[in-house]
Structures are given as C-alpha cells and as structure tokens.
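Asks: quick one, structure for this:
(one chain, ligands or ions: 1)
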Amino acid sequence: MIFYFSGTGNSKHIAEKLGELLNTSVKNIADYYDEVTTLKNFSLDVDNEDFLGFVSPVHSWGLSIPMSRFLKKTKINYSGKKVFAVFSCGDNCGKAREQLQEKLKKKSGILCDFVCSVQMPNTYIVMKGFGTDSKELEEKKLKTAEEELPRIADAIKNGKNYDHYVIGTHPFLKGRIVYPLFMKFTMGDKKFFADENCISCGQCEKFCPEKNISLKDGKPQWLGHCVKCLSCIHRCPKRAIQYADITKEMGRYFYKKQEVV
Ligand SMILES: Cc1cc2nc3c(=O)[nH]c(=O)nc-3n(C[C@H](O)[C@H](O)[C@H](O)COP(=O)(O)O)c2cc1C
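Replies: So this is what the prediction gives:
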C-alpha cells in the first residue's frame, strides 16, 4: 500500500508508477480528509500488505501539511519490514525525511529507513523570485524521474539501499527555522482570487484536496484552511487564479501523463 498526497500531480504519478512496479495498491490521503480532521482516533490496518510506502511533495524543506497531519493523526498497523518514503521536490528536501520518520515512529511505531527523493518540475510560484522551471528543465526532470523510478522500485523490492536523498544546503536552518515560519505565516488564503478570465468551470473546487474552495455565484471562494499545494492556480484552464500580484506572469504546471517522453 502506498499513501500519497499531491497538489499538482507529480507525487501522484510517482505513487502510481511505484504502485505498478511493486504491484501494490495506491491511496490518496486526501480521501481521509474527513477522518483525520474530525476523528480523535483514526487507524488503518495494512498488515496484509507487502509494502508500506509514502509519497509526498516537499513543502518548504519539510513535510506538506496534509502528509504531516495524516502521519500525526493516523495509527497505521503494519508489522512488515518493507517501509519506504519517496519525496518529490523541485530541488532539495531539507528536513522532510526526519519529519516523516519522527511522526511515523511516534504515532505508529514504524521505522522508515528507506527514504529517497525524486526531482520533479517545480510548482512553487507564490513568492517573488520563485517560479516554474523552463520547458527544457521540466522535460529533463520528468525524463530522469522516469528512469529513476524502476531503480527505486527494484531497491525497495530487494531490500537494497538507494542512496539518493537530496538534502540541500543548511538543512538545520531550513528545517528548524524556515519551515516553522513558513507554516505559521504563509498558509493563509486571503491573497488568492479569480480574475476576469474565470469561466466558472469549477475545476479549482473539484481538484482542491483540502475541500477549501467552494463556488459562490460561479466564482471560487477560499474557505480559510489552504495548505498551499497550489493545485487551484496550476490547474485552472484559463490561468484565472492569481495570488496577490505575483502570479499573473508566472508559468503554470501540473503533471500530465502524455507530456512524459
Ligand atoms: C508550498 C510549496 C513549497 C515547496 N517547497 C519546496 C522545497 O522546499 N524544496 C523543493 O525542492 N521543492 C519545493 N516545492 C516544489 C514541490 O515540492 C515539487 O514541485 C513537487 O514535485 C510538487 O508535487 P505535487 O505535484 O505532487 O504537488 C514546493 C512547492 C510548493 C507548492
């Protein structure tokens, strides 16, 4: 069983591909949104599964809020030994690995020694100075990832090491200082809006994994519990969703199967 979270499809693709290669099922943790946000005790029994895997994007050099919340709230019952995590990142992952290992051990008593990262096209566009990758870099990352995934699956299957976790520079600073500040100060959704190009198609509402968007008079309203996965911005077919004055000219990206060469 592979549990994944994905805003713009990169992690979903990785999870599905590994699921195929390992012949194991794949589950979107967004499907447990109601349980993990309302129940006091929530548990999942995956003891009959061959593998237990987690796939998630890196957010601010740490765990995305949905994956963090899932691991914190869910008692996972699994006594097997084939536990792994794969992070999808634009560049590097900082303390995401340690955060996942700590949370999984604390709530479920499960050790996860196999953690690696896969570089995928960058999706962080809501701060000046950041942006999507060039088309060339996007294609290069997707091609490399496609070559890497069978090697990762092979290592997981055969209990081998796969020493590829890109930690980046200053992991302590990023993990212990930048990540908490990012989570505290940048999570609000007051700066999102739909501009005049909005056609009321409702894709943003449909794809929000946090049920944080609702159409009112045909226009998206953000309900105050955004986790900044940026699915709404990237998936809008009319590029109508903006974040402050930052995203109008920025690129958009989400994973589409047919684009992979
Ligand atoms: C809020 C946010 C923060 C991000 N922070 C990082 C980061 O710290 N390091 C990094 O390499 N990529 C970062 N990224 C890029 C994503 O991790 C990367 O594009 C990932 O593949 C997206 O996965 P998804 O399509 O499954 O959501 C960030 C993206 C978002 C939306």
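
Asks: is the one helix or strand in the chain whose mean pLDDT sits lowest positioned near the ligand?
Replies: Lowest on mean pLDDT, DSSP states H and E among the helices and strands of the chain sits helix 179-185, with a mean of 87. No. Helix 179-185 stays clear of the ligand (Cβ under 6 Å from any ligand atom), getting no nearer than 7.7 Å. (Glycine included, C-beta is placed from N, CA and C.)

Asks: now that helix: buried residues?
Replies: For helix 179-185, the neighbour count (16 or more other Cβ atoms under 10 Å) marks 179, 182-183 as buried.

Asks: contacting residues for residue 76?
Replies: Residues in contact with residue 76, defined by Cβ atoms under 8 Å, 6 or more residues apart in numbering, are 43-44, 46, 52, 104, 107-108, 110.

Asks: just the buried residues out of the residues you listed, in PyMOL syntax.
Replies: Filtering the contacts of residue 76 down to the buried ones (16+ other Cβ under 10 Å) takes a single PyMOL command:
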select buried, resi 44+46+52+104+107+108+110
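
Asks: for residue 233, see how far away the residue sitting furthest away from the middle of the chain is.
Replies: Within the chain, residue 217 marks the point farthest from the mean C-alpha position, 30.4 Å out by Cα atoms, centre = their mean. Here the criterion is Cβ to Cβ, to the nearest Å. By it, residue 217 lies 21 Å from residue 233.

Asks: cool, residue 51 as well?
Replies: Residue 51 sits 33 Å away from residue 233, going by Cβ to Cβ.

Asks: what about those two, which has more around it?
Replies: A direct count of neighbours by other Cβ atoms under 10 Å for residue 51 and residue 233 places residue 233 higher, at 25 against 22.

Asks: distance of the closest residue to the more buried one other than its chain neighbours from residue 231?
Replies: By the measure of Cβ to Cβ, 6 or more residues apart in numbering, the closest residue to residue 233 outside its immediate chain neighbours is residue 241, 4.8 Å from it. With the distance defined as Cβ to Cβ, residue 241 ends up 10 Å from residue 231.

Asks: quickly list what residue 243 is bridged to.
Replies: residue 192 (DSSP bridges).

Asks: quick check: it vs the ligand, distance?
Replies: Distance of residue 243 to the ligand, computed by Cβ to the nearest ligand atom, to the nearest Å: 11 Å.

Asks: what about the strands in the stretch 1-150 of the chain?
Replies: 2-4, 26-28, 42-45, 52-59, 62-63, 74-77, 83-89, 114-119 (DSSP state E, counting those that start in this stretch).

Asks: run a quick neighbour tally on the closest residue in space to residue 14 that isn't next to it in sequence.
Replies: Nearest residue to residue 14, sequence neighbours excluded (Cβ to Cβ, 6+ apart): residue 55, at 5.1 Å. Around residue 55 there are 28 other residues, counting by other Cβ under 10 Å.

Asks: residues touching residue 55, list them.
Replies: When contacts are counted by Cβ under 8 Å, 6+ apart, residue 55 touches 2-6, 11-12, 14-15, 18, 85-88.

Asks: model confidence for residue 258, exactly?
Replies: Residue 258 carries a pLDDT score of 48 in this model.

Asks: and what of the one 3 residues further on?
Replies: Confidence per residue is given as pLDDT, and for residue 261 that number is 36.

Asks: re earlier: quick check: the gap between the residue nearest to residue 233 and residue 2.
Replies: According to Cβ to Cβ, residue 241 and residue 2 sit 29 Å apart.
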